[in-house]
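>>> one predicted model, sequence on top.
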Amino acid sequence: MHGICRALALCLMGLRGSDQAPVRVVVVDDSVTMQRWLRSVLSKDPRLDLVGVAGSATEARAVIKATNPDVLTLDIEMPGMNGIEFLAHLMRLRPMPVVMLASAVSPDSALVRRALAIGAVACVPKPTLPTPESMAALCDSVFAAAHGHAQNGHDADQSAYHNKILLIGASTGGVTAIERLLARLPDDIPPIVIAQHMPQSFLESFVRRLDRLGPHRVDFTRSRMQLAPGDIRIAPSFDVQTCVTWHSNAWHIQEIARDNAHRFCPSIDVLFASSTTWAPQVGALLLTGLGSDGAKGMLALRRNGARTMGQSQNSCVIYGMPGAALALDASEAEADIDTIGAEILSRMQGKRAGQATL
């Protein structure tokens, strides 16, 4: 009983002497048990007014529209559209303070970093054994989020790559090279967009395999998609070319009509060239492949301040594309496939990560 009183006292601390109306809260969680627990905890805090509960992204849209809340608590992992995807939609269409709730996710995980980069105010672990202290902390986090204060010491700019992007081009031999490169990346990565020369039917199985193998979510690019740190997106081989653009403090996908000037779709040259305006924010890699697609686009990027690298000849199946980039002086350096990911990320932060093959 003493513990419960202490929790309520902690929750009341921010209210004393205040005439403010309670903060309107909506809870989004697929677990009925968690919904009931959150309802019980939040309803006991006079600073908070629980105005709605939803069990999915679809329900959440309707509840938000009907209740017009001040703050949302959102489960980071839900079936169907997960919390990260819903958060991205929410921040585009109706930005509002959001506290992410995570069960088996550490505070420094890739999911948490993505949520904070997209716009969540805080990410709070779901307590396995609820205590008065954890209840009070949750109330404080929700109340603070509604007033624009993060309670967990994180913010979207904590990632070293909050305004950066990594573009990768590959062709023959690229399937294995990309798998090896992605498998060695850390949790904290910039958004990555990959152009791999391959028929769409093979790309679809490749994307599914990459998504299954690694800790990062891998999917196709879509027109107007907003990218966040931790995202890995593959350009489709439809009759549109995939580009990237920077606006509203985030990277976005832009699709343009395919023309006869570029043999390949997706075209690495088109992808690279689309980011030239923001070159100092860009890292570019050319991996194994026949021909020279990407070399000219990489040259334009390097001349405008991007960090650029090619895969070393001895680790390529076919050295065509990286060799063409080196011949144009488009790549700063080359490295083996097992180290090139760490090297380009380090260069994007203005550091060096070990010895590259120059």
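Structure's in. What do you need?
>>> spit out the contact partners of V28.
V28 makes contact with 53-57, 59-60, 63, 72-75, 78, 83, 86, according to Cβ atoms under 8 Å, 6 or more residues apart in numbering. For glycine as for every other residue, the C-beta is placed from the backbone atoms N, C-alpha and C.
>>> any idea how far A330 is from A66?
Counting by Cβ to Cβ, to the nearest Å, the gap from A66 to A330 is 55 Å.
>>> whoops, R347 was the one
Remark: distance between R347 and A330 (Cβ to Cβ) = 15 Å.
>>> which of the contacts of V28 ranks first by neighbour count?
Using other Cβ atoms under 10 Å as the neighbour test, these are led by L72, with 29 neighbours.
>>> where does this protein dip in pLDDT?
Across the chain, the ranges flagged by pLDDT under 70 are 1-20, 104-109, 148-160, 351-358.
>>> what about 50?
The chain contains residues with pLDDT under 50 at 1-18, 150-158, 352-358.
>>> convert the C-alpha atoms of stretch 207-219 to PDB, please.
What follows is stretch 207-219, C-alpha atoms only, in PDB (Å, rounded to 0.1, in the frame of the first residue of the first chain):
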ATOM      1  CA  VAL A 207      14.400  -8.500 -50.500                       C
ATOM      2  CA  ARG A 208      12.500 -11.200 -48.500                       C
ATOM      3  CA  ARG A 209      15.800 -13.000 -47.800                       C
ATOM      4  CA  LEU A 210      17.600  -9.800 -46.700                       C
ATOM      5  CA  ASP A 211      14.700  -8.900 -44.400                       C
ATOM      6  CA  ARG A 212      14.800 -12.400 -42.800                       C
ATOM      7  CA  LEU A 213      18.600 -12.600 -42.400                       C
ATOM      8  CA  GLY A 214      19.400  -9.300 -40.700                       C
ATOM      9  CA  PRO A 215      18.300  -7.200 -37.700                       C
ATOM     10  CA  HIS A 216      17.300  -4.300 -40.000                       C
ATOM     11  CA  ARG A 217      14.000  -4.100 -41.800                       C
ATOM     12  CA  VAL A 218      14.500  -4.500 -45.600                       C
ATOM     13  CA  ASP A 219      11.800  -3.500 -48.100                       C
END
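>>> contacts made by that stretch with the rest, please.
For stretch 207-219, contacts defined as Cβ under 8 Å, 6+ apart pick out 84, 110, 178-179, 182-183, 185, 187, 189, 220, 230-234.
>>> what do you get for stretch 30-48?
For stretch 30-48, the external contacting residues (Cβ under 8 Å, 6+ apart) are 8, 11-12, 14-15, 22-23, 25, 27, 29, 50, 53, 55-56, 73, 75, 78-79, 101, 126, 130, 135, 138-139, 142-143.
>>> need the buried ones from the residues you listed selected in PyMOL.
Those of those that count as buried under 16 or more other Cβ atoms under 10 Å are selected in PyMOL with:
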select buried, resi 8+11+14+22+23+25+27+29+50+53+55+56+73+75+78+101+126+135+138+139+142+143
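>>> from the contacts of stretch 30-48, which ones fall inside strands?
Within the contacts of stretch 30-48, residues falling in strands by DSSP state E are 23, 25, 27, 50, 53, 73, 75, 101.
>>> related to what we said a few turns ago, more crowded one of A66 and A330?
The neighbour count for A66 versus A330, taken as other Cβ under 10 Å, is higher for A330 (26 against 11).
>>> can I take it that that one is in a strand?
No - counting by DSSP: H, G, I helix; E, B strand; the rest coil, A330 is located in no strand; its state is coil.
>>> quick revisit: out of the contacts of stretch 207-219, which is nearest to G305?
Nearest to G305 among these is I189, at 20.5 Å by Cβ to Cβ.
>>> stretch 340-354: which residues count as buried?
By neighbour count on 16+ other Cβ under 10 Å, the buried set for stretch 340-354 is 340-348.
>>> make that stretch 37-49, sorry
Buried, per 16+ other Cβ under 10 Å, within stretch 37-49: 37-38, 41-42, 44-45, 47-49.
>>> convert it to CSV, retaining C-alpha atoms only.
Extracted in CSV, the C-alpha atoms of stretch 37-49 (Å, rounded to 0.1, in the frame of the first residue of the first chain):
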residue,chain,number,x,y,z
TRP,A,37,-2.7,-2.2,-17.2
LEU,A,38,-2.1,1.2,-19.0
ARG,A,39,-5.7,2.2,-18.4
SER,A,40,-5.3,1.5,-14.7
VAL,A,41,-2.0,3.3,-14.3
LEU,A,42,-2.7,6.4,-16.4
SER,A,43,-6.2,6.9,-15.0
LYS,A,44,-4.9,7.2,-11.5
ASP,A,45,-2.8,10.3,-12.4
PRO,A,46,-4.8,13.5,-12.2
ARG,A,47,-2.5,15.1,-14.7
LEU,A,48,-3.6,12.7,-17.4
ASP,A,49,-7.0,12.0,-19.0
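>>> kind regards, and thank you for your time.
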